[in-house]
Every structure is written in C-alpha cells, then in structure tokens.
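Q: predicted model and sequence follow; I will ask about them next.
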Amino acid sequence: MSDCEEDYSCGSEMEISEDEEDNGDYEDDHKHDDGLSSSYQVLSSEKISPLMKEKLINVMEIIRVSVTEARILMHNFKWNEDNLIQAYYDSEGKHGEFFEKYNLCDPAKACIPRQSTESCYCDICFNEGKMYTNTCGHKYCLNCWKMYLKVKIVESNEHSVTCQAYKCNISIDDGLINDVIKNDTNLLDRFNLNRARSFVESSTNLRNCPFTDCTYIAKIDYPSPTKIECRCNNDFCFLCLQEWHEPIDCTMLKAWAKKCSDDSETANWLSVNTKICPSCKVSVNKDGGCYHMTCSRCRHEFCWICLGAWQPHGNSYYKCNKYVEDENAGSTSREQLKRYLHYYSRYANHQQSIRLQDKLKSTVAQASAGMQTNGMSYIEVQFLNQALLALYRCRKTLMYSYAFAFYLEKNNEALIFEDNQADLESAVENLGSLLENMDSSEESLNAESFKIKIQDKKAYVEQRRLKLIDHIEEGRKKNIWEFKDKSKTASF
C-alpha cells in the first residue's frame with residue numbers, strides 16, 4: 001500500500017483486511033437454477049462491499065496503491081484487473097501521467113490526507129479552524145468540505161468526487177470523505193450506495209434493480225435473459241433491465257416498444273377505457289379486468305375486445321385473439337394500421353387489466369375474510385391469493401404474446417400458437433370472471449365446492465400458460481418461426 005493509505009489514521013469504510021469477518025457475503029434468498037436460465041442471487045447494497053474488496057486486494061498489492069486509487073482505476077477499466085495492470089506496466093516511467101489521466105495524484109508524490117493539528121483560515125469561508133487536506137494538497141474546513149460533498153453525493157449521485165479547488169481535477173480520497181461525513185449516517189450511506197452502484201454498473205454479472213427506490217442488486221452466474229424476482233416484489237429481465245417479458249426476447253421487446261412509441265398518436269386515438277355498446281350505442285366504461293361486458297342500459301352481453309356477442313366466446317369457437325387479414329386490402333397502410341391495432345388493443349387491454357387488479361385484490365380480500373369468519377383457516381383460504389397470482393402471470397404472458405403474434409408470419413406452427421393463445425385467453429377470462437363476480441352466499445354456503453372450482457380453473461390456466469410458453473420455446477430452438485421483420489427478431 002502507499003504511504004497515503006498507511007498514514008491516514010481515520011481510515012475508510014472500504015479499508016481492506018484479508019482476515020476481516022465477512023458476516024456473510026451473499027443473501028441466500030432468491031437463488032434459482034431452472035435449467036433454462038442462469039442461477040442468481042438478490043443482494044442488498046451492503047453485500048456489494050465484500051465483492052469489491054475481493055477485486056481490489058490484488059490490484060493494491062501489485063501496483064502499490066490505496067483503496068481509493070485502486071477503486072477509481074478499476075472503475076475506469078470496467079473492473080477488469082488484467083487490463084488495468086497491463087496498462088500500468090505499459091506506462092513504466094510515466095506513472096505520473098497514468099494516474100493524472102484518471103484524476104489521481106501519483107502515489108509517490110501525493111500528500112497524506114489528514115486533519116490539521118493547528119488552526120488556519122479556510123480559503124472558501126475564511127473562518128479559522130482545523131483544516132482537512134486532500135492528496136492534492138488543497139485543504140478546507142470541515143463545514144465547507146461537507147457542504148460540497150453533500151451536493152456531489154446526493155444531487156449528482158457521484159461515487160468519485162473531485163476536489164473543489166479551482167481547476168483541480170484530483171479525486172477526493174475515500175478516507176477523507178469518510179472522516180468528513182462520518183457523523184452524518186444518511187450521507188455516508190448514500191456515498192456507500194453510490195460506490196456500490198458504480199461497481200455494479202461496470203460489472204457484467206451484476207445489475208441494479210431498475211424499479212424506483214429499490215436498492216437491491218442481482219448477481220448472476222452467467223449473464224443471460226433471466227427472470228429476476230427482486231425483493232421489492234417486482235420481476236425484471238437481467239439482460240435488458242425491463243420488466244420480465246416472457247415469452248418474447250429482449251430484441252422483440254425493444255422493437256415492439258419502439259413500434260408502440262412511433263405509433264403513439266394512433267395508440268392515443270384507440271380508446272382503451274371507453275367503448276360503445278354494439279346494441280344500444282351508449283358509452284360503456286370498463287372498471288375490471290374481465291372482457292365479458294354487460295351494458296347497464298340494454299343488458300346486452302358483448303366482448304370488450306372485438307365487440308361481438310359474448311355467447312360464442314364461452315365455447316371452443318373462441319377466436320377473439322386471431323387477426324383475419326382482408327385478402328383484398330393487400331399491403332395498404334390502412335390494412336397495416338388495422339393489423340397493428342388488432343394486436344396493440346389486445347396487448348393494451350391486458351396491460352390495463354393488470355393495472356385494475358388492485359380492485360380485484362380488494363374483492364379477494366373481502367371473500368377471504370368472509371370464509372375465515374365461516375370457519376376456514378388462513379391457510380385454507382390462500383387458494384384465492386394463489387388464483388389471483390396465477391391470473392396476473394397469465395395476463396402478463398398473454399400481453400407479451402400479442403407482441404410476438406404481431407411479428408409472426410402465418411404457417412402451420414403459427415396456427416397452433418394462435419390456438420394455444422386462444423385457449424389461454426378463454427381460460428383467463430373464465431377465472432377472472434369467477435373471481436370478479438364472487439357471490440358471498442356461494443362462498444359461505446358452498447365454500448368447499450367453490451374452492452374446488454377456483455383451484456381447478458387456476459390449475460388449468462397455469463397448464464395453458466406453460467403450454468403456450470413451451471411451444472414458443474420449442475419453435476425457437478427448432479427455428480420454425482418466421483417473422484415479418486427479421487431485423488426486429490434477430491435473436492429468434
């Protein structure tokens with residue numbers, strides 16, 4: 001280690017000690033290995049420090065630098081130890097220029113960061129007191145350092161803060177930062193979080209959870225499009241950091257998102273929340289996830305998606321998911337728009353149904369409470385929450401399956417896919433309708449038969465969901481899918 005690190009008595013949160021106690025490097029929750037995707041772990045930000053230390057120890061010993069210098073250098077080299085060490089030795093005789101390039105002082109010439117023992121005047125506020133000196137030699141009072149660091153750490157989210165002196169680009173030593181803000185727990189935690197995030201962002205096998213206000217980190221064995229079930233109760237794709245998008249891959253998701261964005265005016269024209277009753281022409285609002293609509297005025301029952309009569313949707317004739325092309329329309333813009341709206345409307349309606357599921361949660365909670373009042377235990381009524389979760393997963397799968405269908409060329413396998421999609425769509429509507437329209441008298445008088453009915457429908461939707469996903473995956477492996485735009489579906 002350099003003299004700078006050895007002589008700095010205050011130390012740093014990341015000081016390296018090979019025999020220090022780990023207190024458990026990894027979380028043992030959320031570890032998966034399903035044979036299809038890489039196993040992973042979900043870590044708290046506090047657990048990242050041991051991973052960083054492991055990578056820093058060797059660098060510090062080989063090129064004789066402090067923790068701060070090793071961390072900043074490793075960050076600039078994307079935490080590739082071999083590349084950093086090679087670059088260091090290639091700069092033999094010009095080490096000063098090498099360190100300056102990365103906003104660091106040459107360790108052989110750097111000042112020792114420390115608190116002064118004698119009082120002097122601060123060059124910023126001109127108050128007299130003890131000063132804190134950085135490796136570059138610039139020194140300021142505790143308050144001026146702290147105010148500057150707070151802005152950089154909190155507002156700019158910086159993990160490597162440069163000196164506040166005019167035209168000085170030298171990074172502030174981690175130990176000095178720790179000494180200045182050690183009594184401000186929130187600020188110190190934020191700085192440690194910034195360092196952890198910078199480490200994660202530069203590592204190929206680590207990802208920050210993309211959801212707002214979540215600080216958990218996923219660590220994966222081998223980078224791949226793996227479903228990460230975060231502790232914040234959200235799921236995301238390790239590779240693209242979007243919400244989990246099975247059964248489509250990241251390339252298709254990106255293409256679909258761009259398509260929807262490019263057609264945003266058209267999407268806005270499409271009404272997702274209000275439609276006209278095909279019988280009496282009165283406006284009908286949708287406030288639940290089910291597509292089975294009953295007009296409050298004329299009592300006509302129809303499908304929210306296709307506006308056709310509901311009765312055919314309850315049998316094997318169900319084909320609301322399928323798009324029938326107009327053979328006479330050719331490839332006109334109008335026909336292309338019509339086709340896009342067919343798939344987008346079904347995608348958007350499942351998206352809307354998922355958003356409306358909070359209302360269904362309330363209905364399920366009331367039903368659960370009623371069943372417990374009538375003698376069922378808490379464990380016995382969990383079948384309702386399990387059914388609700390199955391409904392959510394199936395709607396998510398169906399939602400993205402319409403993006404898949406949009407790009408899919410017609411062939412025999414595509415027809416099988418549409419049949420599987422239709423089966424799942426019908427099963428989801430049956431389960432959703434049953435949950436949304438639960439009759440309290442049925443729950444109390446025939447609780448066991450009602451439970452069996454829900455469990456049967458839950459098992460069926462899960463079976464159909466896996467059937468749809470497995471068929472898409474099988475087609476991907478056998479290369480039987482044909483797409484309308486090959487550039488948008490390269491990974492298939």
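A: Structure received.

Q: show me where pLDDT drops low in the stretch 51-200 of the chain?
A: For the stretch 51-200 of the chain, applying pLDDT under 70 flags the ranges 113.

Q: tell me where it has strands.
A: Here the stretch 51-200 of the chain has its strands, by DSSP state E, counting those that start in this stretch, at 114-121, 128-133, 139-141.

Q: between those strands, which gets nearest to S368?
A: Among the strands of the stretch 51-200 of the chain, the nearest to S368 by CB to CB is strand 128-133 (59.0 Å). Backbone N, C-alpha and C define where each C-beta goes, glycine included.

Q: got the buried residues for that closest one?
A: Buried residues in strand 128-133, counted by 16 or more other CB atoms under 10 Å: M131, Y132, T133.

Q: between those, which sits nearest K359?
A: Y132 (56.5 Å).

Q: tabulate the buried residues of strand 128-133 (TSV), appending distance to C290.
A: Output for those, formatted as TSV (distance: CB to CB, whole Å):
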residue	distance to C290
M131	69
Y132	65
T133	69
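
Q: closest one to R195 out of those, please.
A: Set against R195, the nearest of those by CB to CB is Y132 (19.7 Å).

Q: and that closest one, how far is that from K167?
A: As judged by CB to CB, to the nearest Å, Y132 and K167 stand 20 Å apart.

Q: kindly report the domain assignment for this protein.
A: Domain assignment for the chain by automatic domain parsing gives 3-31+40-101, 250-489.

Q: quick one on the thing from earlier: for I181, which of the strands of the stretch 51-200 of the chain is the nearest?
A: So among the strands of the stretch 51-200 of the chain, strand 128-133 is nearest, using CB to CB, at 11.0 Å.

Q: in the helix or strand hosting L360, what counts as buried?
A: For L360, the element it lies in under DSSP states H and E is helix 357-373. Counting neighbours by 16+ other CB under 10 Å, one finds that the buried residues in helix 357-373 are Q357, L360, T363, V364, A367, S368, G370, M371.

Q: which other helices and strands contact that helix?
A: helix 382-407, helix 412-436, helix 440-445 (3 or more CB pairs under 8 Å, 6 or more residues apart in numbering; DSSP states H and E).

Q: and that helix, C-alpha only, in PDB?
A: What follows is helix 357-373, C-alpha atoms only, in PDB (Å, rounded to 0.1, in the frame of the first residue of the first chain):
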ATOM      1  CA  GLN A 357     -56.100  -5.900 -10.400                       C
ATOM      2  CA  ASP A 358     -55.900  -3.800  -7.200                       C
ATOM      3  CA  LYS A 359     -59.700  -3.700  -7.300                       C
ATOM      4  CA  LEU A 360     -59.800  -7.500  -7.700                       C
ATOM      5  CA  LYS A 361     -57.400  -7.800  -4.800                       C
ATOM      6  CA  SER A 362     -59.900  -6.000  -2.600                       C
ATOM      7  CA  THR A 363     -62.700  -8.300  -3.700                       C
ATOM      8  CA  VAL A 364     -60.500 -11.400  -2.900                       C
ATOM      9  CA  ALA A 365     -59.500 -10.000   0.500                       C
ATOM     10  CA  GLN A 366     -63.200  -9.500   1.400                       C
ATOM     11  CA  ALA A 367     -64.000 -13.000   0.300                       C
ATOM     12  CA  SER A 368     -61.100 -14.400   2.300                       C
ATOM     13  CA  ALA A 369     -62.300 -12.600   5.400                       C
ATOM     14  CA  GLY A 370     -65.800 -13.900   4.900                       C
ATOM     15  CA  MET A 371     -64.600 -17.500   4.500                       C
ATOM     16  CA  GLN A 372     -62.500 -17.200   7.700                       C
ATOM     17  CA  THR A 373     -65.500 -15.900   9.500                       C
END
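
Q: so how far is that helix off the chain centroid?
A: Helix 357-373 sits 29 Å away from the centroid of its parent chain (CA atoms, centre = their mean, to the nearest Å).

Q: cool, stretch 412-424 as well?
A: 29 Å.

Q: same question for stretch 450-457.
A: 33 Å.

Q: and stretch 155-169, by the same measure?
A: Relative to its chain's centre, stretch 155-169 lies at 30 Å (CA atoms, centre = their mean).

Q: ends of it, how far apart?
A: One end of stretch 155-169 to the other measures 19 Å (CA to CA, to the nearest Å).

Q: tell me which residues of it are tucked away?
A: E158, H159, S160, V161, C163, Q164, A165.

Q: filter those down to the ones in helices?
A: Among these, no member is found in helices (DSSP state H).

Q: closest one of those to V200?
A: H159 (10.6 Å).

Q: and the nearest residue to A108 once chain neighbours are set aside, how far is that from N411?
A: Nearest residue to A108, sequence neighbours excluded (CB to CB, 6 or more residues apart in numbering): H95, at 7.4 Å. When distance is defined by CB to CB, H95 is 64 Å away from N411.
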